[in-house]
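# can't give you the sequence, but here's the structure:
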DNA sequence: TATAATTTTTAGCCTAGGCTAAAATTTTAG
DNA sequence: CTAAAATTTTAGCCTAGGCTAAAAATTATA
């Protein structure tokens, strides 16, 4: 290391990562809700919380925020539905998740590890890199 | 999507990602401090804040936590130093960052995009995947 | 159908890490 | 050497998202 990148440029990288963090929760929730609906016909709070590894109360609070932001809707004590906006976000996330996961597996990462890694990195992949992941063949 | 992975397994992925998030700030700070010391002989709060894209007050608060956790040390109004623990963490992060960055570039991602992507994903790469990134040749 | 079990919500607490504004200190210039 | 500028710290506010405990509602069972 003999020189540093321009400070503003570096700051923009960190700022973008912080922004991505703010969308991550919403993305994880809607993607999971879409999967639960697809497979189990409904998304219950208790399933969501269990699969995210958090307490019901925490999931309930986040869902209240997502409802306020127009991603999900539900009646009290009833299961959770995605709005059009939420479903669109879920579809984008699911597609991206699949690209990352399959890329890692083609690269030779074991499926279990690939699942964990994909979960962490999917929110931080630029469109350019995603396109390269997509067309990569072992 | 016709079936879902085991709930506990999925929960463990999300939990690990949340744990990684908790280390991210410390990792970003010590890595940057190490770079600043290497290139400019010292790491000043104002440079750290500027390069992270946050206000001085925010950086100051985080540095107080990192000092309490034994990663950095400093005298009031003076520049910041890494402890042995902090320097070791910085070295690990720097090595990992380099592997991720160079992997992305070899894969064909443009250097600028690679920098941003590396910043976001480096904290979420398992040892297994990192090893594969390391030996990948275009 | 009453009661027990389950599920969901609410209240309240905590930490991390953003922010602004202002105080304290150090550095620089006149 | 003193006044202005720059830097750092402190105080206090905010949001997100964890948590526990307890209340409320729904669902299941005896």
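That came through, no problem. These figures come from a predicted structure and were not determined experimentally.
# how about residue A:136, phi and psi?
Main-chain torsions, residue A:136, degrees, to the nearest 10: phi -70, psi 130.
# nearest residue to it other than its sequence neighbours?
residue A:103 (5.6 Å; CB to CB, 6 or more residues apart in numbering or on different chains). Every C-beta, even on glycine, is put in place using the N, C-alpha and C of the backbone.
# now swap in residue A:91 and tell me
residue A:34 (7.4 Å).
# element containing that neighbour?
According to DSSP states H and E, residue A:34 maps onto helix A:7-40.
# how much does that helix deviate in direction from helix B:7-40?
Angle between the axes of helix A:7-40 and helix B:7-40 is 170 degrees (criterion: axes from the mean of the first three to the mean of the last three CA atoms, to 10 degrees).
# buried residues, helix A:7-40. List them.
Within helix A:7-40, the residues that count as buried by 16 or more other CB atoms under 10 Å in any protein chain shown are A:10-11, A:13-14, A:16-17, A:20, A:24, A:26-37.
# check those one by one and keep those near DNA strand D.
Counting by CB under 7 Å from any atom of the strand, A:24, A:26 from those sit close to DNA strand D.
# what's the spacing between the helix holding residue A:34 and its chain's center?
Relative to its parent chain, helix A:7-40 has a centroid offset of 5 Å by CA atoms, centre = their mean, to the nearest Å.
# touching DNA strand C at all, stretch A:18-38?
Yes - counting by CB under 7 Å from any atom of the strand, DNA strand C is contacted by stretch A:18-38 at residue A:18.
# quick one: residues contacting the residue nearest to residue A:110 when sequence neighbours are not counted.
Nearest non-adjacent residue to residue A:110, counting by CB to CB, 6+ apart: residue B:128, 6.6 Å away. When contacts are counted by CB atoms under 8 Å, 6 or more residues apart in numbering or on different chains, residue B:128 touches A:109, A:110, A:113.
# same thing with residue A:104?
Per CB under 8 Å, 6+ apart, neighbours of residue A:104: A:113, A:114, A:117, A:118, B:129.
# so where does it fall, helix or strand?
helix A:84-107.
# distance of the residue nearest to residue A:136 from residue B:3?
22 Å (CB to CB, to the nearest Å).
# tell me which of those two has more neighbours.
Counted by other CB atoms under 10 Å in any protein chain shown, residue A:103 and residue B:3 do not tie: residue A:103 has more neighbours, with 23 against 8.
# wait, isn't that one in contact with residue A:133?
Yes - proximity of residue A:103 to residue A:133 meets the contact threshold set by CB atoms under 8 Å, at 3.9 Å.
# next secondary structure element downstream of the helix or strand encompassing residue A:49?
If you go by DSSP H and E, residue A:49 is part of helix A:45-52. Following helix A:45-52 in sequence order, the next helix or strand is helix A:56-68 (DSSP H and E).
# mind listing what's buried in that following helix?
Neighbour-count burial for helix A:56-68 flags A:59, A:62, A:63, A:66, A:67 (criterion: 16+ other CB under 10 Å).
# wait, the last one touches residue A:75, no?
No - look at residue A:67 against residue A:75 with CB under 8 Å: they stay out of range, at 10.8 Å.
# what's the local residue count around the nearest residue to residue A:120 once chain neighbours are set aside?
Closest residue in space to residue A:120, ignoring its immediate chain neighbours: residue B:124 at 2.7 Å, by CB to CB, 6+ apart. For residue B:124, the neighbour count with other CB under 10 Å is 22.
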